[in-house]
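Colleague: Quick one, structure for this:
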Amino acid sequence: MGGFCVSAARLGLPDVGLISYGEMVEQGRLITEAVSVPVIGDGDNGYGNAMNIKRTVKGYTNAGFAGIMLEDQVAPKACGHTEGRKVISREDAVMHIKAAVDARKESGSDIVIIARTDSRQAVSLDEALWRVQAFADAGADVLFIDALASVEEMKAFCAVSPKVPKMANMLEGGGKTPILSPAELKEIGFSLVVYPLSLIGVSMRAMEDALIAIKNGGVPPPSILPSFEEIKDTLGFNRYYKEEKQYVVQQAQSPPNGIVLRLKITEKSGAQKINEGIPAGILEKMSKVIPGLAGVNFTEILQGADQSQKGKVLLDREDASGDRIQVSIE
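Modeller: Predicted coordinates:
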């Protein structure tokens, strides 16, 4: 989850240090809850000093990130392949990585710490190589120099601290770093590669094309607009409906109140105690106080019954006292 894309999608603003720690953590939490793959979060410059770094690492851990990338730019930061970058001192940069490692240990997590330096363009290649070596010594898990300018520089980077994984940034559309295939990057010595603009870039172009089509009185063509069923499936509607069925409580249906039933209760001696027409819904409620009707499933005995079946006996039984209980359609 890159700061460039979050700034663009969430704020509609460039990646120039305007996005805040809180916004990044919240966006990350939403993403990690929605996917099942590990997510690396862009921690920018940690949003302050070493103590801010510690809070950022712990916050990203709690948000569900598998990794966090921390850079050594001063605030306000700039996008790595744009102008205006400045870096903090060597000493502060190393201390920030130490603080990140301490925060991970204190939180008992295994979040991966990716240490990034922007000093290649801000200072020099030699400075960048010195810093990543120091970051490795401080406990960083992955090293990253942004905006390397040639394959030779990329090879020089991978020669530093060979046992520590290196990350490459393939900035689509024309950054400072040569675009190489994954196989070529692996041969040089890189273990990770990021493509930061692919999703946001194609999304921007697709939205522009869609709006142009709508403006011209049409709709986006099927080549760029999935069907509604495809959209629903991608968003998880079908999975939701399937899972929801596991928790549906089947409500018992009450007998139709429109049917009137006749209740007759006749004593053993032949004397009638009750002989009344009563709506089915009310009689069902009365069954709770009339012993002879206890346990009667009115929904079941009324299955398929209607008022045209006048006189049809639905229930004929004796209770414990010998009274005869009869229920028929009125």
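Colleague: Can you verify my assumption that G3 contacts S20?
Modeller: No - taking contacts as C-beta atoms under 8 Å, G3 lies outside contact range of S20: 10.6 Å. For glycine as for every other residue, the C-beta is placed from the backbone atoms N, C-alpha and C.
Colleague: Can you pull the poorly scored residue ranges out of the stretch 101-250 of the chain?
Modeller: For the stretch 101-250 of the chain, applying pLDDT under 70 flags the ranges 250.
Colleague: can you pull out the helices in it?
Modeller: 119-122, 125-138, 151-158, 182-188, 198-215, 228-235, 237-244 (DSSP state H, counting those that start in this stretch).
Colleague: Out of those, which is the most enclosed?
Modeller: Neighbour counts (mean count of other C-beta atoms under 10 Å) averaged over each of the helices of the stretch 101-250 of the chain peak at helix 119-122, with a mean of 24.
Colleague: Which positions in the strand or helix carrying A100 come out as buried?
Modeller: Per DSSP states H and E, A100 falls inside helix 90-107. Neighbour-count burial for helix 90-107 flags 90, 93-101, 103-104, 107 (criterion: 16 or more other C-beta atoms under 10 Å).
Colleague: Quick one: neighbours of R10, just the number.
Modeller: Residues near R10, counting by other C-beta atoms under 10 Å, number 13.
Colleague: My read is that it contacts I19, right?
Modeller: Yes - the criterion here is C-beta under 8 Å, and R10 meets it with I19 at 7.2 Å.
Colleague: how close does the closest residue to D102 other than its chain neighbours get to E106?
Modeller: Distance criterion C-beta to C-beta, 6 or more residues apart in numbering; nearest residue to D102, sequence neighbours excluded, is K54 at 6.6 Å. The gap separating K54 from E106 is 8 Å, by C-beta to C-beta, to the nearest Å.
Colleague: Any chance you could give me stretch 237-244 in CSV, C-alpha atoms only?
Modeller: The C-alpha trace of stretch 237-244 is given here as CSV (Å, rounded to 0.1, in the frame of the first residue of the first chain):
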residue,chain,number,x,y,z
PHE,A,237,-21.8,-10.6,-3.1
ASN,A,238,-22.1,-14.3,-4.0
ARG,A,239,-19.8,-15.3,-1.2
TYR,A,240,-21.7,-13.1,1.2
TYR,A,241,-25.1,-14.6,0.2
LYS,A,242,-23.8,-18.2,0.5
GLU,A,243,-22.3,-17.5,3.9
GLU,A,244,-25.4,-15.6,5.1
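Colleague: And the contacts of it?
Modeller: Stretch 237-244 has contacts (C-beta atoms under 8 Å, 6 or more residues apart in numbering) with K232.
Colleague: now stretch 314-322
Modeller: Residues outside stretch 314-322 that contact it (C-beta under 8 Å, 6+ apart): 261, 267-268, 291-292, 296, 301-302, 305, 324-329.
Colleague: Against T61, how distant is the spatially most central residue of the chain?
Modeller: The centroid of the chain falls nearest to A34 when counting by C-alpha atoms, centre = their mean (1.8 Å). Going from A34 to T61 by C-beta to C-beta gives 18 Å.
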